[in-house]
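**Q** Return a 3D structure for these sequence lines:
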Amino acid sequence: MFGYMIANPNDLNEAEKQRYNEIYCGLCYRLGKQHGQLARLGVTYDLTFLILLLASLYEPAEKQGTLHCPAHPVHKHPYTVNRFTDYAADLTIALTYYKCLDDWQDEHQWLKRGYAGLLKSAYAKVKTRLPRQCEMIQACMQDLNRIENAKGSPDEATQAFGRLMGECFVESEDLWSGMLRQMGSQLGHFIYLMDAFMDYDEDIKKGTYNPLMVLGAKPHQLPEALNIYMGMAADVFERLPLVQDLHLLRSIVYN
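**A** All right, here's what the predicted structure looks like:
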């Protein structure tokens, strides 16, 4: 969906690159297996990061395999899955579904409306498995639509997306829920503002909502705020008892 939580390949050794690709391929595989081949269009490295983070924290059993896929039809590619892979696959459906609806409402993109229609039945199943997360996603997207349509407060919009991402980082309520929700929230702030930074010129042309325009700010003024939110997320990250894939995770958080 977003594509901002990506590892710096120059920081990774070959084993880490292989691990990263296997987790990504595992997410793509489970998306297709659970929700149909078209669902694989929504695969992102953002939720690959979430799988790695939760797997490092909870250390679930993992399964490896090889597969052919539409992107690599000739040779089989290795993949790795664990219980958080299916969780991330379900989140992918929910987030993509609401993002498509949002794009349709904002810009009347017929392709996005059509894709949302194709995902509707898959989303209905996800909603039964993840009612807490889906309710928060729906509520926050409604808040965002209201704020953006009214050209409202950028701070309110950023906080709404922070709440959305915070809930997604919590697979189940336990000892680590508070820290994971806090980290996800700060990353949500970062992602929302990063999206505003990347879309600034296009939003000016289309006249669509952009928090920078509401503030009368320019993209070059944004890096300080981005660093603050990412720094707060990194502070929580460093306090989690992570060992597995720690260097790989740091290459994403500090990229």
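
**Q** How confident is the prediction for His108, by pLDDT?
**A** As predicted, His108 sits at a pLDDT of 60.

**Q** quick one, helices of the stretch 1-150 of the chain?
**A** In the stretch 1-150 of the chain, the helices defined using DSSP state H, counting those that start in this stretch lie at 14-35, 45-58, 83-107, 110-129, 131-149.

**Q** for the chain, which spans come out with low pLDDT?
**A** Within the chain, the segments meeting pLDDT under 70 span 1, 104, 106-110, 112.

**Q** Geometric centre of it: which residue is closest?
**A** Centroid-nearest residue in the chain, with Cα atoms, centre = their mean: Asp46, separated by 4.3 Å.

**Q** so how far is Lys125 from it?
**A** Asp46 is 22 Å from Lys125, where distance means Cβ to Cβ, to the nearest Å. To be clear about C-beta, it is placed using only N, CA and C from the backbone, and glycine gets the same treatment.

**Q** What number of residues are in the vicinity of the nearest residue to the residue nearest to the centre of the chain once chain neighbours are set aside?
**A** Once flanking residues are discounted, Asp46 sits nearest to Met5: 4.5 Å by Cβ to Cβ, 6 or more residues apart in numbering. Using other Cβ atoms under 10 Å, Met5 has 21 other residues around it.

**Q** Now do stretch 207-222: distance to the chain's middle.
**A** Here stretch 207-222 is found 22 Å from its chain centre; the criterion is Cα atoms, centre = their mean, to the nearest Å.

**Q** Met230 in helix, strand or coil?
**A** helix (DSSP: H, G, I helix; E, B strand; the rest coil).

**Q** Just want the phi and psi numbers for Asn8.
**A** Main-chain dihedrals, Asn8, degrees, to the nearest 10: phi -90, psi 110.

**Q** Who are the contact partners of the residue nearest to it when sequence neighbours are not counted?
**A** Setting aside the residues directly before and after it, Asn8 is nearest to Asn255 in space (Cβ to Cβ, 6+ apart), at 4.4 Å. Counting by Cβ atoms under 8 Å, 6 or more residues apart in numbering, Asn255 touches Ile6, Ala7, Asn8, Asp11.

**Q** Next one: the last one from Thr48, what distance?
**A** The spacing between Asp11 and Thr48, counted by Cβ to Cβ, is 16 Å.

**Q** ok, and for stretch 52-65, which residues are buried?
**A** When burial is assessed from 16 or more other Cβ atoms under 10 Å, stretch 52-65 yields the following buried residues: Leu52, Leu53, Leu54, Ala55, Ser56, Leu57.

**Q** And the furthest pair within the residues you listed?
**A** Leu52 and Leu57 (9.7 Å; Cβ to Cβ).
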